[in-house]
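Visitor: model the structure of this input:
(chains A and B)
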Amino acid sequence: MKNLSCWSTLSLLLFLSTSSLMAQKSLNLGLGYFGETATHPGLVAQLELEKTQSKKVSTLFRADLGAYVHARNHTGVFMDVHAGLRRYRTSGFFTEQYLGVGTLLSFYNGDGVFQRDEAGNIRRASAFANLDIMPSVTLGVGYNLSKDSASANLIYFRPKVFWQLPFNNLALPHVALQVGFIHRIN
Amino acid sequence: MALLAISLFACEKSEFLSEGNYYFIRHKGAAMPVWVKGNLESGVFLITVHGGPGSSGHEFAVTKSFAELEKDYAVVYWDQRFSGLAQGDPKKSTLSIDQFVEDVDVVVDFVRQQFNQPKLFMLGHSWGGGLSAAWLGRNNNQQKVQGWIDVDGSVFDSLEVQSVKNWTLERVPAKIAEGKDLKFWQYVVDWYQAHPAPVYSDKEPYIFAAALDTSYNAAALADTNQINYGKLLLRSPYSLAYFTNKVDARFADGLDFRPELRRINIPALVLWGKDDPTLPVELASFTYNTLGTAPDRKKKVEFEKCGHSPHYEQPTRFVAVMREFVEKWR
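Guide: Reported below is the predicted structural model:
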């Protein structure tokens, strides 16, 4: 399952990157706050390949790298890729939506992790939990501060739902809020 | 503005993140959270074993009664595998009574080692009552514990489902006579005719019985056990796992902990709600009488105007009898 997760993420990332690079469109960098359940704090950095389809619509392929801390639950480090659409309005506002997939490394977050060894003694254990598959759905709204697509500086607000699987033989849904800034670098 | 609001809330102190110590115990694929808080200096630790199977030990931690008990004793709240806020991805094959009993053993060993061999009491509620009895009655585990508190515990499936059936069907005619919800009450009668011998994992008997639970006043109880849901949702260990974790209770069908119950001889306190629809109060006497503990070392208390959870529904009286028991046998 873990291998499948890694390979699916890397393959999709490679595919999306290659197809977009061939389109020779703009490359954006972003940085933002990533709050799992809004208030479990983290950061997310993103690399975005944007292909303009019309004056108002562009398709995007985005790779995110981020981490967050849910105290007394887990710490998550994730890398995921997304494909989606962004619609610009003449007012400068934009909306966007994405489907994504990636991997989530989680670590138990608490005052200690313990296990009983074969001799029956209680010992400290690794906090590393799992390397899980992380599909996601993201919606977003934002504003183009420059209003000029040639030198885009965007701010965004993105609610995201992602799943951690497998988790207790099921998938655990997470909700996250992201607020950040995007800058076009070429 | 949204970021500012989130930041301000995120910086607010939360007792869910500051009180006590929060551990994880890894065992056979599961990572079970164990929250130890309260008066650790007392040297008396109360290990809770939650119900379900599939509920959460964290539910005890947000009740008025356990907040009160924490003033005098350390309380250990833990979530069983596949339950509450438990993490990991254990194999389905670990859904067995023997595995749950083994998990109790690991938690007890952890508490004994981590806190320098404190005096232990064990409290089990509902399914947890049976599970704690099963652990106590095996391998002489009871020697590790000063006393056992059984709160509306489930120890013998086939007797209990018949008791719930009788409790329900005795009350249904009066409901039908009232003339309200006739289709539902007739469905209850029909269901029992079609299922004369229900099993532990059948959900219907408990839904039917809950519909007859007249002593349960949700609004008043929420007022008594006030919970800051904002903090609980956004500044606590809670996650959506609380809702998505599921235990297929079929593994517990036919459970019979009478042999273990007979072997228990440590001080014991049997607590029961007189109006319990889930495990009717007649079962309190069954547990009390089956228990191997000598009469002068065991006590049964039935709570008036109380359903399945005395610790939630009658906190003042619950704390009083708990304190009396622990102080006597610590």
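Visitor: only C-alpha atoms for contact and neighbour calcs from this point on.
Guide: Fine.
Visitor: list the contacts of the residue in the stretch 201-330 of chain B that chain A sits nearest to.
Guide: Nearest to chain A in the stretch 201-330 of chain B, going by Cα to the nearest Cα, is B:Pro237, at a distance of 5.0 Å. By Cα atoms under 8 Å, 6 or more residues apart in numbering or on different chains, the contact list for B:Pro237 reads A:His70, A:Ala71, A:Arg72, A:Asn73, B:Phe16, B:Leu17, B:Leu85.
Visitor: try it again at 10 Å.
Guide: By Cα atoms under 10 Å, 6 or more residues apart in numbering or on different chains, B:Pro237 lies in contact with A:70-74, A:109-110, B:16-17, B:22, B:33, B:58, B:85, B:231.
Visitor: turn those into TSV, including neighbour count, secondary structure and pLDDT.
Guide: Below are these laid out as TSV (neighbours: other Cα atoms under 10 Å in any protein chain shown; DSSP: H, G, I helix; E, B strand; the rest coil; pLDDT from 0 to 100):
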residue	neighbour count	secondary structure	pLDDT
A:His70	24	strand	97
A:Ala71	20	coil	95
A:Arg72	24	coil	97
A:Asn73	23	coil	97
A:His74	20	strand	97
A:Asn109	23	coil	97
A:Gly110	22	coil	96
B:Phe16	19	helix	90
B:Leu17	17	helix	90
B:Tyr22	25	strand	97
B:Pro33	30	strand	98
B:His58	22	helix	94
B:Leu85	27	coil	97
B:Lys231	19	helix	85
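Visitor: circling back: and the residue of the stretch 201-330 of chain B closest to chain A, its phi and psi?
Guide: Note on B:Pro237: its backbone torsions stand at phi -70, psi -10 [degrees, to the nearest 10].
Visitor: excluding chain neighbours, what is closest to residue 112?
Guide: Assuming you mean chain A. What sits nearest to A:Gly112 in space, not counting adjacent residues and going by Cα to Cα, 6 or more residues apart in numbering or on different chains, is B:Tyr23, at 5.1 Å.
Visitor: if you could check chain B rather than the one you did, that'd help
Guide: Leaving aside its chain neighbours, B:Arg112 sits nearest to B:Pro118 (6.2 Å; criterion: Cα to Cα, 6+ apart).
Visitor: distance check, the one you found against chain A.
Guide: 16 Å (Cα to the nearest Cα, to the nearest Å).
Visitor: for that residue, report the pLDDT, please.
Guide: In this model, B:Pro118 is scored at 97, pLDDT.
Visitor: doesn't B:Pro280 belong to a strand?
Guide: No: read with DSSP: H, G, I helix; E, B strand; the rest coil, B:Pro280 is coil and lies in no strand.
Visitor: residues in contact with it?
Guide: By Cα under 10 Å, 6+ apart, the contact list for B:Pro280 reads B:152, B:160-161, B:163-168, B:209, B:272-274, B:307-308.
Visitor: next step: these restricted to strands.
Guide: B:Trp272, B:Gly273 (DSSP state E).
Visitor: please indicate which of the contacts of B:Pro280 are buried?
Guide: With neighbours counted by 16 or more other Cα atoms under 10 Å in any protein chain shown, those contain buried members at B:152, B:160-161, B:163-165, B:167-168, B:209, B:272-274, B:307-308.
Visitor: I figured B:Ala320 hits B:Phe66, correct?
Guide: No: with contact defined as Cα atoms under 10 Å, B:Ala320 does not count as touching B:Phe66 (11.6 Å).
Visitor: find the closest residue to chain A in chain B.
Guide: B:Asp89 (4.2 Å).
Visitor: okay, that residue: pLDDT?
Guide: 95.
Visitor: what's around the residue nearest to it when sequence neighbours are not counted, how many residues?
Guide: Once flanking residues are discounted, B:Asp89 sits nearest to A:Asn168: 4.2 Å by Cα to Cα, 6+ apart. Neighbour count for A:Asn168, taken as other Cα atoms under 10 Å in any protein chain shown: 25.
Visitor: who's more crowded, B:Ala320 and B:Phe66?
Guide: The neighbour comparison of B:Ala320 against B:Phe66 (other Cα under 10 Å) goes to B:Phe66, with 21 against 13.
Visitor: helices or strands up against the helix or strand containing the more buried one?
Guide: B:Phe66 belongs to helix B:64-69 when assigned by DSSP states H and E. If contacts are counted by 3 or more Cα pairs under 10 Å, 6 or more residues apart in numbering or on different chains; DSSP states H and E, helix B:64-69 sits against strand B:30-38, helix B:58-61, strand B:74-78, helix B:310-313, helix B:315-329.
Visitor: looking at the ones you listed, which is nearest to B:Gly51?
Guide: helix B:58-61 (10.0 Å; Cα to Cα).
Visitor: the strands in chain A, which residues?
Guide: With strands called from DSSP E, chain A shows them at A:26-36, A:42-52, A:57-70, A:74-88, A:93-108, A:113-116, A:122-124, A:128-133, A:136-144, A:153-167, A:170-184.
Visitor: actually the stretch 151-300 of chain B, not the one I typed
Guide: B:268-273, B:298-303 (DSSP state E, counting those that start in this stretch).
Visitor: as JSON lines, those strands with mean pLDDT and distance to chain A would be great.
Guide: Output for the strands of the stretch 151-300 of chain B, formatted as JSON lines (pLDDT from 0 to 100; distance: least, Cα to the nearest Cα, whole Å):
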{"stretch": "strand B:268-273", "mean pLDDT": "97", "distance to chain A": "28"}
{"stretch": "strand B:298-303", "mean pLDDT": "97", "distance to chain A": "32"}
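Visitor: isn't A:Val179 right up against A:Leu139?
Guide: No: between A:Val179 and A:Leu139 there is no contact under Cα under 10 Å: 11.9 Å.
Visitor: shared neighbours of those two, anything?
Guide: Joint contacts of A:Val179 and A:Leu139 (Cα under 10 Å, 6+ apart) are A:Phe157, A:Arg158, A:Pro159.
Visitor: just grab the bridge partners of the second one for me.
Guide: So the one you mean is A:Arg158. Applying DSSP bridges to A:Arg158 yields these beta-bridge partners: A:Gln178.
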